[in-house]
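Engineer: sequence first, predicted model second:
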Amino acid sequence: MKYLKEKFLQSILIGLTMFCSLEMAFAGGVFPFDQERDYIPGELVIKGELEDVTKFLQKEKVSVQEIISLPNDNVHTIRLLDKQTKILPLAKKIKELVPTVSIAEANWFVALTEVKPPKDTYWLTQWAMENIGQDSPSGAQGKEGADIDILQAWTVSKGSKDIIVGIVDTGIDYTHPDLQDNIWVNEAELKGVDGKDDDGNGFPDDKYGWNFISSGRTKLYHGQLGHPDPMDDNSHGTHCAGIIGAKGNNYKGIAGVNWNVRLMALKFLTKDGAGATVDAYRAIKYAITNKVDILSNSWGGGGRSELLATVIKEAEENGILFVAAAGNSASNNDDVDNYPSNYKIDSIIAVAATDNKDQIASFSSYGSSKVHIAAPGVDIMSTIPINKSDRTKFAYAPASGTSMATPFVSGAAALVLAANPELRGKPLEIKKRLLSTVDVMPHLSGLVSSQGRLNVHNALINRVNEIHQEGETKNKDLSITAPRLNEEMFDKTWTIDEPEATQMRLHFSWVIADIPLYDLISVYDSNYRLIFRFEKQYPNGFWTPWIKGNKVLVRFANALVAMETYEEVEFPNPQDGFKAGAVICTTDPLTNKTVCQVPKLSNPFANFASEGFKIDKLEYRTKEEKNEGDNNE
C-alpha cells in the first residue's frame, strides 16, 4: 500500500480556538466537518502498532490517504481515501482483531456547547422543540424541559435528503414555502411527458406522490386508479408534514424536526378526513415500490383488516418503519383495539400524546403494552395549505391530537437514520433506539411501554436510559397473596424491597378483583409515585413495567357488598317518612296512619368478584461493576 504522505502532528488543540465554526483551516485545507455526523468522516484514531493496522486495512481493501502520528504516544490519525467508509464498525473490527491496538475509534468532532435556536418566525410557539416554560399557542403555561431536546439533537444532525418519509394522510401542499424544498420529487416524471409513465413504476405523472382515493372515481388516469395530484385539501397532512420536515433556519414560519429530508405525499384521505382501507393499502404498496424509509400514519379507525396487516408486514420486510397514532378516544388500547396502531407487527410504533407539562393529553389513548411511546401532541404549531389561510405568509396553525405526536416520532426516526445510515432497512433497530432512549417519567408508566416521552438527542447518540440498560438480571420467588373474599373493609400496602436492585418488576400470577369500579390495586415506586393501576383482571398473570429503584409498593383497597331491602315503618305523616329516606309512603284514609318503605342495607359480606391477587416472582437488575482495567486511557 502506498501512502501519499506521513506527518508528525506537533500538537493537538481542542476547544474554542479550533472548533468555533463549521469550517476551519487544517493542514493547508478545509476541515472536513460533516454536519450530519458527530465525527470527522473518513478518519480513524488508533493507539498501537501502526504497521499491524496498515496490514489489516490492506487485507480489508481499505485505502489510506494519509497518516498523522504522535510518535511519543504511539497514537495515529489515519485518513481514509473513501470518506463514506463506515468508521464505527471498522474501528470495532480493528479493536477486536488487531491485538497490538489498545484504542481504535472515530475522530470525534468537538464544538462549542452553546446551541442557538433557528431563525424561524414562529419558533417560540414550538414548545415541543424547546420548552422554556413559554405559553402554548392557546395560552397554556408550559414547563421548562418538557420537550424533545431538538436543539441538542441538531448538533449531531439536521437531517439528510437521502431519507424518504411517506406521509399517509390527506396529501401535502407541496407548494408551501416552508415545505417545497423538502418535498419528494420524482425527477423522471417532473421532466418527462405528461400522461406517460416515464419512470416505469406504474403511476404516470406521479411527480410528488399519488392521490389514491378511489371512491367516486369511474375513470382511470392513463390506466391507473386515482390521480397524480396529492395536493392537500384538508390541512391535516400538511400539518403533519411540517412537524417532520419544515425547512429550518430560513426566516419563515417554523422548523421541522428535519431541516433536510424528502416528504412523499401519499394521499388516501378525502377533504373530510375519511378514507378506505383499500386505498391505504395501495398507498403503502406505492411507498414500498418507491423505497421510503419511514411511513407516518396519523389516522385510524374501523375494524381489523387483514389486507392492511399484510401490507404493513410487507413494508417491514422491505425495511420500512411504520409509525402510527394511538388514537384520541382516551381509551386503553390494551383492552380496545385501535387500528392500524394495534396490529401485532414488530415494526409498528404506536404513539400517545403529551402536553407542554409532560402530562398525558386528556384525549390520548394509551396502553402499557400496545402503545409504545409518548410525544408532544397538544397545541402544536405547524404548516397548513396556503389556500386554507387568509394570508400566504401565515399558512400556519396549531392543532392537537395523537396525529401531531406521531410525526414527531416519524421525524425523529428520520433524523436517527440521517445520523446513522447503517440503520437503514432495519426498522426494529430504529424502534428499539427510539424506545430505549426516552425521558423516563413515572407517571407514564402503565400508559406507554417505554415509560417515557420522546427525546431526539438521546436517540441520535443512543443514550439508553436506566430502565432500558442491559444489566445482570436476577430472580427471586415470592409468595404474596392478598386476603380473599373479605368481609371487612381494608386498605393494605405490601412493600417489596431488594437492596442490590437498581430496577425491579413484579409478576402477578393472577389478579381477580372488582376493578376498576370498586377495588383498587396499584403499584408505586419507592417515592410513592403511581407506576401502574390495574384497570382489568389478569387471571393468567401479568408483569409490571420495570420500576427504577430498590423498592416497590403494592396497594389493595377492597370494596364490600351489601344487600338493599325495604322495611315498613310507621310515621306521623309522609313528610317525616321522606325525611327518613323513604321512597314510598301511603296513608290509610280510615285510620290516618302513614306507612313508608324505608331502604335498609344488610350487614356487609364478601364480594365474590373480589379475590385479590398473588405475586409469585420478582425480577431485578443490579448495577454492573467495572474493573479498574475496563476504562480506556
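Structural biologist: Thanks, I have it. Numbers count the residues shown, from 1 in each chain.
Engineer: from what I see, residue 196 and residue 203 are in contact.
Structural biologist: No. Applying CB atoms under 8 Å as the test, residue 196 and residue 203 come out as separate, 11.1 Å apart. For every residue, glycine as well, the C-beta is placed using N, CA and C.
Engineer: with neighbour numbers in mind, choose between these two.
Structural biologist: Neighbours per residue (other CB atoms under 10 Å) separate residue 196 from residue 203, with residue 203 holding more: 24 against 11.
Engineer: show me what contacts that one?
Structural biologist: 197, 210, 224, 228, 286 (CB atoms under 8 Å, 6 or more residues apart in numbering).
Engineer: quick one: those residues as JSON lines, columns for pLDDT, distance to residue 295 and secondary structure too.
Structural biologist: What follows is the contacts of residue 203, written out as JSON lines (pLDDT from 0 to 100; distance: CB to CB, whole Å; DSSP: H, G, I helix; E, B strand; the rest coil):
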{"residue": "197", "pLDDT": "90", "distance to residue 295": "23", "secondary structure": "coil"}
{"residue": "210", "pLDDT": "96", "distance to residue 295": "14", "secondary structure": "strand"}
{"residue": "224", "pLDDT": "92", "distance to residue 295": "21", "secondary structure": "strand"}
{"residue": "228", "pLDDT": "95", "distance to residue 295": "20", "secondary structure": "coil"}
{"residue": "286", "pLDDT": "97", "distance to residue 295": "11", "secondary structure": "helix"}
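Engineer: for those, which entry has the maximal number of neighbours?
Structural biologist: Compared across the contacts of residue 203, residue 210 has the highest neighbour count, 31 neighbours, by other CB under 10 Å.
Engineer: wait, that residue touches residue 279, no?
Structural biologist: No. Residue 210 is beyond contact range of residue 279, at 10.2 Å (criterion: CB under 8 Å).
Engineer: what touches both of the two?
Structural biologist: Common neighbours of residue 210 and residue 279 (CB under 8 Å, 6+ apart) are residue 226.
Engineer: tell me where the chain has helices.
Structural biologist: 50-59, 87-97, 150-153, 187-190, 236-245, 277-289, 306-317, 402-419, 427-436, 456-461, 574-579 (DSSP state H).
Engineer: elements contacting the first one?
Structural biologist: Contacting helix 50-59 under the criterion 3 or more CB pairs under 8 Å, 6 or more residues apart in numbering; DSSP states H and E are the following elements: strand 64-70, strand 75-80, helix 87-97, strand 101-108.
Engineer: against which helices or strands is the longest one packed?
Structural biologist: Identification of packing neighbours for helix 87-97 by 3+ CB pairs under 8 Å, 6+ apart yields strand 39-48, helix 50-59, strand 101-108.
Engineer: which of those is buried the deepest?
Structural biologist: strand 39-48 (a mean of 20; mean count of other CB atoms under 10 Å).
Engineer: so what does it touch, helix or strand wise?
Structural biologist: So strand 39-48, by 3+ CB pairs under 8 Å, 6+ apart, packs with strand 75-80, helix 87-97, strand 101-108.
Engineer: at 10 Å instead, please
Structural biologist: Here strand 39-48 touches helix 50-59, strand 64-70, strand 75-80, helix 87-97, strand 101-108, going by 3 or more CB pairs under 10 Å, 6 or more residues apart in numbering; DSSP states H and E.
Engineer: got the domain boundaries for this structure?
Structural biologist: Annotated domains of the chain cover 6-108, 133-467, 477-556+612-625, 564-601 [automatic domain parsing].
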